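> return a 3D structure for these sequence lines:
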Amino acid sequence: MAELAKRIPIREFIDHGPNVQPAPAADGFLKDVYPKLYANAKHTVAKVGDKIPVAGLDVTVVTSAGETLKTALPGAGAPNPYCANFKPGENNAEDPMSVGTYITFGKFRTMHLGDVTKNKEFELMCPVNRIGALDAFLGLHHAVNTSSSEVIIHALHPRVIIVNNGTRKGAQPDVMKVLFSSPGLEDLWQIHFSQLSGQEYTVPGMFIANLLDQPSAAMPVAPITAPTPGPNTPPPPAHNGPAYWIKLSAKPDGSFTVTNARNGFTKTYAAPKPGT
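Coordinates of the predicted model:
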């Protein structure tokens, strides 16, 4: 964040409040660096239900500091059939604190939940779907297996999903199975090719922004096992090339276009038909 702030003016910093998972690096940043970053800007602690003012958009905070939206958004509130088969997941202390936002631009609907985990997904989406449906679902906590349950993915039936995974983080087979089987999904885009997915859940290269930094001699068939977290974990492959992004451009009629900066591939998704 400190490096980013040197390059892009940041006028407002929005977070969920105090860190609940002590760690030397995070504690040092929050004590010595973060206050200096927002000293000449605005610092906001987000609360569920808050509106974040952005010209042309309607931005609603739906999760923050472990709390979730309790009142259904306009047009939402139908019973969620996926709640019956929900299985609780594991999580650390900090991920469930994530600030999650639901954003509309005219008829276009999207959401980003940060690192919100399965148990919070259940709180947000059960017994009724408080969000409704999405055109695009962004982020998905890298598609790690502590998040992205059917109770939220399938209930929201997004047309497009964009996953901010790494080559060895996220896009794990059990999560990818949920994403691939989501009703109404048209395309899945990924920030990185995933070594964890295996051939069964690898999307075509045109939908992947960054490939392997150190390519394998052959395309892997089976998924590899995610490295165990901790101080003895081997370092990830060095990123020794350009970093590419995925861009989503939306229109008020609900249509939108997604572009892969690596290869210039662009796909446009038409506005939904009335009643959908």
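> strands of the stretch 1-150 of the chain, start to end?
Applying DSSP state E, counting those that start in this stretch to the stretch 1-150 of the chain gives strands spanning 12-15, 42-45, 58-64, 67-68, 100-105, 108-112, 136-139.
> alpha carbons only: can I get the third one in PDB?
Taking Å, rounded to 0.1, in the frame of the first residue of the first chain, the C-alpha atoms of strand 58-64 are listed here in PDB:
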ATOM      1  CA  ASP A  58     -24.400   3.100  -5.800                       C
ATOM      2  CA  VAL A  59     -21.900   1.400  -3.400                       C
ATOM      3  CA  THR A  60     -23.300  -0.400  -0.400                       C
ATOM      4  CA  VAL A  61     -21.200  -2.000   2.400                       C
ATOM      5  CA  VAL A  62     -22.600  -5.500   2.900                       C
ATOM      6  CA  THR A  63     -19.800  -7.000   5.200                       C
ATOM      7  CA  SER A  64     -17.400  -5.400   7.600                       C
END
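> which helices and strands does it pack with?
Contact analysis of strand 58-64 by 3 or more Cβ pairs under 8 Å, 6 or more residues apart in numbering; DSSP states H and E lists strand 100-105, helix 118-125 as its packing neighbours. C-beta here means a position set from N, CA and C on the backbone, and glycine is covered the same way.
> and it, what's buried?
Within strand 58-64, the residues scored as buried using 16 or more other Cβ atoms under 10 Å are 60-64.
> same question, the last one
Neighbour-count burial for strand 136-139 flags 136-139 (criterion: 16+ other Cβ under 10 Å).
> partners of it in the sheet?
Paired strands of strand 136-139, with direction, are strand 108-112 (parallel), strand 160-163 (parallel) (DSSP bridges).
> before we move on, the earlier item: now render the helices and strands packed on strand 58-64 as JSON lines, adding mean pLDDT, mean neighbour count and distance to residue 200.
As requested, those are arranged in JSON lines below (pLDDT from 0 to 100; neighbours: other Cβ atoms under 10 Å; distance: least, Cβ to Cβ, whole Å):
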{"stretch": "strand 100-105", "mean pLDDT": "98", "mean neighbour count": "21", "distance to residue 200": "30"}
{"stretch": "helix 118-125", "mean pLDDT": "97", "mean neighbour count": "22", "distance to residue 200": "22"}
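> can you list those in CSV and add distance to residue 222?
Formatted as CSV, these follow (distance: least, Cβ to Cβ, whole Å):
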stretch, distance to residue 222
strand 100-105, 34
helix 118-125, 25
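> do you know which of these lies nearest residue 255?
Checking the helices and strands packed on strand 58-64 against residue 255 by Cβ to Cβ gives strand 100-105 as the closest, at 10.9 Å.
> residues of stretch 147-158 that come out buried?
So for stretch 147-158, counting by 16+ other Cβ under 10 Å, buried means 147-156, 158.
> quick one: end-to-end distance for it.
16 Å (Cα to Cα, to the nearest Å).
> which residues touch that stretch?
Around stretch 147-158, the neighbours that count as contacts under Cβ atoms under 8 Å, 6 or more residues apart in numbering are 80-83, 85-87, 89, 95, 111, 113, 115-118, 121-122, 124-126, 129, 131-137, 140-141, 161, 175, 178-179, 181-185.
> residue ranges with poor pLDDT in the stretch 151-276 of the chain?
Scanning the stretch 151-276 of the chain for pLDDT under 70 picks out 215-216, 219-220, 236-239, 275-276.
> ok, which stretches of it are helices?
173-180 (DSSP state H, counting those that start in this stretch).
> how close does residue 2 get to residue 22?
20 Å (Cβ to Cβ, to the nearest Å).
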